[in-house]
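>>> Give me a 3D structure for the following:
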Amino acid sequence: MNEYKNMKQIQPANRLNQVNEYYFSRKLKEIADLNAQGKNIISLGVGSPDLPPSSATIETLCQKSHKPEAHGYQPYVGIPELREAFAGWYKKWYGVVLNPANEIQPLIGSKEGILHISMAFLNPGDEVLVPNPGYPTYSSVSNLVEANIVTYDLDENNNWEPDFDALEKMDLSKVKLMWVNYPNMPTGANATIALYEKLVAFGKKHGIIICNDNPYSFILNDKPISILSVEGAKEICIELNSMSKSHNMPGWRIGMLASNAQFVQWVLKVKSNIDSGMFRPMQKAAVAALGNKAEWHEEMNKVYRKRRDVAGAIMDAMGCTYDKNQVGMFLWGKVSDQWENGEKLSDKVLYDGNVFITPGFIFGNKGDKYVRISLCCPEEKLKEALERIKSVL
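Purely as a prediction, here's the structure:
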């Protein structure tokens, strides 16, 4: 070994200086260590559906996997049946007409789409509008592609919508892309057509691509809507969608994006150099899932409604205030003045009550006084978490 003692020290790429390990990656390792010590933590942190996909989805996967020809490489653009199923799904539920041949791109989960879109449109030094609070991946991916992040604040007094007057006062000359996420995560604020119309008009006025991340529209939501339902939206908007939340398929990693044919082609140019097509039986199973009847979604929402009632009781027990009209699979609450911030309350219930809830600071400093509870936990476990928290507060 002495022969190499003067070897030049290896350093990672500079871009890694701009990002940290994902919060949940770090926290779940800590929770695993606590469980190894016998703590038996109830985790109400990650939004990973614990309910199974429809039986037709699973049966299709099993049947198609037995086909000898099912195991080869698949098209980067997805099989035609999947693109057609996504187009039918958008027409049925959102009233949006998409050309399955060139306006839809299947993805290995919509999270990867955030990277593909960023690589397709952003040069180093371009500016990106990122919501605060917002999904941390918007910022981390922007940093990885060496774009400059410009945050815009969301406020509960404005229903967690962008303040367009404030945006118009900003220097937008270098802004290329704006991330929006409705129904909103983490706040649970729902989308409206009026909001989408404002976003489309704002994007067209300033030449800013509006990227709407839309994976939560089927959870506890009476009427799913898409930004692409606004007239002319496809000219300036990209919408990401996912089967993880709406169809109980988080580990399957199946998502999609929709936009005009040119935008989709540019994204494909990036994607085709990074990964390959999804396993064919999974694509076939996704087609079956996209055909789920309305009754299947309603049964899922019955479960989520019961869970949300218990999550509301947990918020009450912690002295938090929250909007009862939230949609999606989380409950977002503001901590009382008793607590310096949401992290202090989160640490209290974790280390004293063995219950993990997400502190809002991970979504930006506008989330500092908030906490989030995931509904992806059986009702009986939520009730147990409630009793544990009551015993320590």
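>>> Please make it C-alpha for all contacts and neighbour counts, starting now.
OK.
>>> ok, now how distant is Arg308 from Arg388?
For Arg308, the distance to Arg388 equals 17 Å [Cα to Cα, to the nearest Å].
>>> Just want to know which of the two has more residues nearby.
Arg308 (25 against 18; other Cα atoms under 10 Å).
>>> Show me the shaky parts of this structure.
Residue ranges of the chain with pLDDT under 70: 1-2, 4.
>>> How about residues contacting the longest helix seen in the chain?
What stands out as the longest helix in the chain, according to DSSP state H, is helix 294-317. Applying Cα atoms under 8 Å, 6 or more residues apart in numbering, the contact partners of helix 294-317 are 54, 218-220, 246, 321-322, 329, 331, 333, 373, 375, 377-379, 382-383, 385-386, 389-390, 393.
>>> cool, stretch 373-380 as well?
Here stretch 373-380 has contacts from 43-50, 304, 306-308, 310-311, 329-332, 357-358, using Cα under 8 Å, 6+ apart.
>>> again, but for stretch 382-393
By Cα under 8 Å, 6+ apart, the list of residues contacting stretch 382-393 reads 42, 307, 310-311, 313-314, 317-318, 349, 352-355.
>>> Leu199 and Glu156: what is the separation?
For Leu199 relative to Glu156 (Cα to Cα), the value is 18 Å.
>>> neighbour count winner among these two?
The neighbour count for Leu199 versus Glu156, taken as other Cα under 10 Å, is higher for Leu199 (26 against 13).
>>> CA atoms of whichever strand or helix holds that one as PDB?
Assessed by DSSP states H and E, Leu199 sits inside helix 193-206. C-alpha atoms of helix 193-206 as PDB (Å, rounded to 0.1, in the frame of the first residue of the first chain):
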ATOM      1  CA  ILE A 193     -59.300  26.000 -13.000                       C
ATOM      2  CA  ALA A 194     -59.000  29.700 -12.200                       C
ATOM      3  CA  LEU A 195     -55.500  29.000 -10.700                       C
ATOM      4  CA  TYR A 196     -54.500  27.000 -13.700                       C
ATOM      5  CA  GLU A 197     -55.700  29.700 -16.100                       C
ATOM      6  CA  LYS A 198     -53.500  32.200 -14.200                       C
ATOM      7  CA  LEU A 199     -50.500  29.900 -14.500                       C
ATOM      8  CA  VAL A 200     -51.000  29.300 -18.200                       C
ATOM      9  CA  ALA A 201     -51.300  33.100 -18.800                       C
ATOM     10  CA  PHE A 202     -48.300  33.800 -16.700                       C
ATOM     11  CA  GLY A 203     -46.200  31.300 -18.500                       C
ATOM     12  CA  LYS A 204     -47.200  32.500 -22.000                       C
ATOM     13  CA  LYS A 205     -46.600  36.200 -21.000                       C
ATOM     14  CA  HIS A 206     -43.100  35.600 -19.800                       C
END
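>>> quick one: contacts for the nearest residue in space to Gln18 that is not next to it in sequence?
The shortest distance from Gln18 to any non-neighbouring residue, by Cα to Cα, 6 or more residues apart in numbering, is to Asn143 (5.9 Å). Counting by Cα under 8 Å, 6+ apart, Asn143 touches Arg15, Gln18, Val19, Ile149.
>>> isn't the last one right up against Gly125?
Going back to what we said before, that points to Ile149. No - taking contacts as Cα atoms under 8 Å, Ile149 lies outside contact range of Gly125: 9.3 Å.
>>> more neighbours, these two?
Ile149 (20 against 13).
>>> about what we covered before: among the contacts of helix 294-317, name the buried ones.
54, 218-220, 246, 322, 329, 331, 333, 373, 375, 377, 379, 382-383, 385-386, 389 (16 or more other Cα atoms under 10 Å).
>>> now, which of those residues lie within strands?
Judged by DSSP state E, strands contain the following of those: Tyr322, Leu331, Gly333, Ile373.
>>> so the second one touches Ala189, yeah?
No - because the distance of 10.4 Å does not satisfy Cα under 8 Å, Leu331 is recorded as not touching Ala189.
>>> Could I get the full set of helices for the stretch 1-150 of the chain?
Using DSSP state H, counting those that start in this stretch, the helices of the stretch 1-150 of the chain run over residues 23-36, 55-65, 80-89, 110-121, 136-144.
>>> and of those, who's closest to Gly367?
Taking Cα to Cα, helix 136-144 is the member of the helices of the stretch 1-150 of the chain nearest to Gly367, at 11.7 Å.
>>> Tell me the buried residues in that closest one?
Pro136, Thr137, Tyr138, Ser139, Ser140, Val141, Ser142, Asn143, Leu144.
>>> Assumed Ile357 was part of a strand.
Yes - assessed by DSSP: H, G, I helix; E, B strand; the rest coil, Ile357 belongs to a strand.
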